[in-house]
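Undergrad: model the following, please.
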Amino acid sequence: MTVRILVINSGSSSIKYQLFDMGDSSVLTSGLLERIGEVTSHLKYRGKKDDGSYEEADWEGRIADHREGMRLISDITARLGVLRDLSELSGIGHRVVHGAETFHEPVIIDDTVIDCVREMIPLAPLHNPANLTGIEVTRAICPGVPQVAVFDTAFHQSMPPGAYRYALPKNLYEKLRVRRYGFHGTSHAYVAKQAASHLGRNLAEVNLITLHLGNGASATAVKGGLSVDTSMGMTPLEGLVMGTRCGDIDPAIHFYLYRSSRMSFEQIESLLNKESGLKGICGVNDMREVGRLADGGDQDADLAIEIFCRRIKKYIGAYYAVLGALDAVVFTGGIGENAAFIRNRSCQGLEALGIVISEVRNESPSRLTREIQAEDSKIKILVVPTNEELEIAVQTARTISGPRAVIK
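TA: Just a heads-up that it's a prediction; the model follows:
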């Protein structure tokens, strides 16, 4: 029997999807529907043809809500000849950003799970409501198809208290759940497995520092296949410098801004999340454009790159100390996979730690997992393309066929 898993990432006005044939992990169709609820909505999609190639197309029209959006996706999937109807799916996997301490692994979605995810909205007010919308719509459209929630935070639930607790009064943790949760867990889990496979080692035997670098960026210390520390905190704002997020800063800056400029807390929150990071330093948040500006002599852009890479180096050093022994540093994400100059600058000066990059290997483009360390490097440096959607599909298929997880 062919196992076909649909992966859904539902945003407030968008639906991103991929349909996998789990026999060979191939993508049968994928797409991104945007501007749901606006005057004109847009769907860009692609489908696999009989010869293995893909055809791409666009659709424009008005989609009033996510239910209409899923109906459109179902109709186009049928038109491509992939499925007659979404009811033929083996399962649907949903990306859910925040699972707090309740979810340590993927779970089959039922009313109890939905209630739990809803209770976590205060921890992820921008994401969990949209994720819930996608879940509720697909459950209504496909009532007979098992559906699974895969949480960004789940991989990091293996962190010890020394890593996830903040130095704040205990009652804030016990009553308000103030602690480090970490994000990008699906990506860190996927590339850790791929890195271990590339090294020819059992995942339980390797120590890795995984660097997911994109518009959002995070670092994770992976010991024996388990996350033992990660840079993002209670929210995705902590840690590395990102496209528009500041990452680590003195927390007293919040109060200084409030007192000195009379900014409201809402304005400060927006400033740190949407106007800071690369954008705050040099005016643009796309690293490709930052690189072009720096090459043209823009000092602010060069400073943005310096701060971005310096922060990465600090986390590499810190997590090397946490792990005690290190097998590989792993770069992934849009920047990590494609920006050779960022990988090079992030590894410069780490020779004393046994991390030595090869400029020739680093500059060689490839979409495959590859090594970019110099011959005399004691630590492997890997570039591993991430595939969060495939990881969600794999976890969904495994959850559907395995024992039911217990909600704590």
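
Undergrad: what helix or strand does the residue located most distally from the centre of the chain sit in?
TA: When distances are taken from the C-alpha mean of the chain, residue 260 lies farthest, 35.6 Å away, according to CA atoms, centre = their mean. Following DSSP states H and E, one finds residue 260 within helix 252-261.

Undergrad: tell me what that helix is packed against?
TA: Helix 252-261 sits against helix 265-274, with contacts defined as 3 or more CB pairs under 8 Å, 6 or more residues apart in numbering; DSSP states H and E. Where C-beta positions appear, they are placed from N, C-alpha and C, glycine not excepted.

Undergrad: pull the CA atoms of the next helix-or-strand element following the helix it packs on into PDB?
TA: Beyond helix 265-274 on the C-terminal side, the first helix or strand identified by DSSP H and E is helix 277-282. Output of helix 277-282 as PDB, limited to C-alpha atoms (Å, rounded to 0.1, in the frame of the first residue of the first chain):
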ATOM      1  CA  GLY A 277      18.900  42.100  13.600                       C
ATOM      2  CA  LEU A 278      20.500  42.600  10.200                       C
ATOM      3  CA  LYS A 279      17.800  45.000   9.200                       C
ATOM      4  CA  GLY A 280      18.400  47.200  12.300                       C
ATOM      5  CA  ILE A 281      22.200  47.300  11.600                       C
ATOM      6  CA  CYS A 282      22.300  47.900   7.900                       C
END
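
Undergrad: quick check, distance from helix 277-282 to the centre of its chain.
TA: 21 Å (CA atoms, centre = their mean, to the nearest Å).

Undergrad: again with stretch 213-226
TA: On CA atoms, centre = their mean, the centre of stretch 213-226 falls 10 Å from that of its chain.

Undergrad: confidence score at the residue farthest from the centre of the chain?
TA: Note for residue 260: predicted pLDDT of 95.

Undergrad: and residue 80, by the same measure?
TA: The model's pLDDT for residue 80 equals 88.

Undergrad: next, count neighbours for the residue nearest to residue 180 when sequence neighbours are not counted.
TA: Excluding its sequence neighbours, the residue lying closest to residue 180 (CB to CB, 6 or more residues apart in numbering) is residue 164, at 4.2 Å. By other CB atoms under 10 Å, 22 other residues sit near residue 164.

Undergrad: quick check: phi and psi at residue 164.
TA: phi -100, psi -20 (degrees, to the nearest 10).

Undergrad: cool, and the one 4 residues further on?
TA: Dihedral angles phi and psi of residue 168 (degrees, to the nearest 10) take the values phi -130, psi 160.

Undergrad: going forward, count from 35.
TA: Sure, I'll start numbering at 35, so the last one becomes residue 202.

Undergrad: so it touches residue 214, yeah?
TA: No - judged on CB atoms under 8 Å, residue 202 makes no contact with residue 214 at a distance of 11.3 Å.

Undergrad: and for the helix holding residue 294, what's in contact with it?
TA: Contact with helix 286-295 is made by 297, 298, 299, 302, 305, as judged by CB atoms under 8 Å, 6 or more residues apart in numbering.

Undergrad: if we go to 6 Å?
TA: With CB atoms under 6 Å, 6 or more residues apart in numbering as the test, helix 286-295 has contacts from 297, 302.

Undergrad: which parts of that helix are buried?
TA: In terms of neighbour count (16 or more other CB atoms under 10 Å), helix 286-295 has its buried residues at 288, 291.

Undergrad: and the angle for that helix with helix 299-308?
TA: Orientation of helix 286-295 against helix 299-308 (axes from the mean of the first three to the mean of the last three CA atoms, to 10 degrees) gives an angle of 130 degrees.

Undergrad: how about helix 286-295 as PDB, C-alpha atoms only?
TA: Extracted in PDB, the C-alpha atoms of helix 286-295 (Å, rounded to 0.1, in the frame of the first residue of the first chain):
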ATOM      1  CA  ALA A 286      17.700  46.200  30.900                       C
ATOM      2  CA  ILE A 287      17.600  47.800  27.400                       C
ATOM      3  CA  HIS A 288      13.800  47.200  27.400                       C
ATOM      4  CA  PHE A 289      13.400  49.400  30.500                       C
ATOM      5  CA  TYR A 290      15.900  52.000  29.300                       C
ATOM      6  CA  LEU A 291      13.900  52.400  26.000                       C
ATOM      7  CA  TYR A 292      10.700  52.700  28.000                       C
ATOM      8  CA  ARG A 293      12.000  55.400  30.300                       C
ATOM      9  CA  SER A 294      14.100  57.400  27.800                       C
ATOM     10  CA  SER A 295      11.900  57.300  24.700                       C
END
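
Undergrad: do you know how far the residue nearest to residue 214 is from residue 266?
TA: According to CB to CB, to the nearest Å, residue 198 and residue 266 sit 11 Å apart.

Undergrad: do the same with residue 427
TA: 24 Å.

Undergrad: sticking with residue 375, tell me its helix or strand.
TA: Here residue 375 is assigned to helix 374-381, by DSSP H and E.

Undergrad: buried ones in the following helix or strand past that helix?
TA: Next helix or strand after helix 374-381 toward the C-terminus (DSSP H and E): helix 393-397. When burial is assessed from 16+ other CB under 10 Å, helix 393-397 yields the following buried residues: 395, 396.

Undergrad: now do helix 393-397, average pLDDT.
TA: Mean predicted confidence for helix 393-397 is 96.

Undergrad: and stretch 368-376, by the same measure?
TA: 97.

Undergrad: circling back: out of residue 202 and residue 214, which sits in the busier spot?
TA: The neighbour count for residue 202 versus residue 214, taken as other CB under 10 Å, is higher for residue 214 (20 against 11).

Undergrad: where does pLDDT dip in this structure?
TA: 35, 438-442 (pLDDT under 70).

Undergrad: that one: strands as residue ranges?
TA: 38-44, 49-55, 60-68, 75-82, 88-95, 125-130, 141-142, 181-185, 241-247, 251-257, 260-264, 362-366, 404-405, 414-417 (DSSP state E).

Undergrad: now mean neighbour count too, for these, in a markdown table please.
TA: Conversion of the strands of the chain to a markdown table gives the following (neighbours: other CB atoms under 10 Å):
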| stretch | mean neighbour count |
| --- | --- |
| strand 38-44 | 25 |
| strand 49-55 | 22 |
| strand 60-68 | 19 |
| strand 75-82 | 19 |
| strand 88-95 | 12 |
| strand 125-130 | 26 |
| strand 141-142 | 20 |
| strand 181-185 | 27 |
| strand 241-247 | 27 |
| strand 251-257 | 27 |
| strand 260-264 | 23 |
| strand 362-366 | 27 |
| strand 404-405 | 16 |
| strand 414-417 | 23 |
